[in-house]
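**Q** A predicted structure for the sequence below; I have some questions about it.
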Amino acid sequence: TLVDASKQNLKKVFKREGIEGNVILYVGGIAELFKCSRREERLYLSKRKGFIKLALQEGVDIIPVYFFGNTGVLSVLSSGPLASLSRKLGACVTYFWGFAGLPLPRFGEKCVYARGRPLGLPEIKEPSQDDIDKWHKFYCNEVRRLYEKYQEKVPHYKDKPLFID
């Protein structure tokens, strides 16, 4: 189920029992969509710390993940008026293409989902900036570790660099 990723809504979701209280959050959002390419991976994470703060405040853990292949299956028009409009709207209204220049996934592209272990975040109702920075750095390091550990499993990622912006 897709849900609004606002702080208020996520707080409600976290109170649900079982799997209904779990979320997969695309932290980089629309900004990250336009940073990646078939030549390099770019995560828009350096300034995205609100999810760490909320997790600390609510006492929920975070499991780092990396999805390999999404930038190989389709390409995205990352500049021009449609890309600018997408950024302003916070929704994608740009052109995607893959097989034969159509919005169809490229054949033969391998996708791999890599998941780490829960970070073990403590509950801190009023986290300091140092607390947030510490856990954010740990999260970013774990995402990088996953990338470096599994990039060999996906052929066109073997020499593809990862940048965390």
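**A** Yep, it's here.

**Q** from the centre of the chain, point out the most distant residue.
**A** In the chain, the greatest distance from the average C-alpha position (CA atoms, centre = their mean) is reached by A100, at 27.4 Å.

**Q** okay, buried residues for the longest helix along the chain please.
**A** Longest helix in the chain, counting residues (DSSP state H): helix 129-150. For helix 129-150, a neighbour-count test (16 or more other CB atoms under 10 Å) marks 131-132, 135-136, 138-140, 142-144, 146-147, 150 as buried. Using the backbone N, CA and C atoms, a C-beta is placed for each residue, glycine as well.

**Q** cool, and stretch 63-77?
**A** 64, 66, 68-69, 71-76.

**Q** ok, now stretch 102-121?
**A** By 16+ other CB under 10 Å, the buried positions in stretch 102-121 come out as 109, 114, 116, 119, 121.

**Q** show only the entries of the residues you listed found in strands.
**A** A114 (DSSP state E).

**Q** can you map out the helices along the chain?
**A** All helices of the chain, identified by DSSP H, fall at 7-14, 29-33, 50-58, 70-73, 81-89, 129-150.

**Q** residues in contact with the shortest one: which ones?
**A** Read that as helix 70-73. Around helix 70-73, the neighbours that count as contacts under CB atoms under 8 Å, 6 or more residues apart in numbering are 36-38, 41, 98, 105-106, 109-111, 154, 156.

**Q** then stretch 138-156?
**A** Against stretch 138-156 from outside (CB under 8 Å, 6+ apart): 38, 41, 43, 45-46, 52, 62, 64-66, 68-69, 72, 109-112, 114-116, 119, 157-158, 160, 162, 164.
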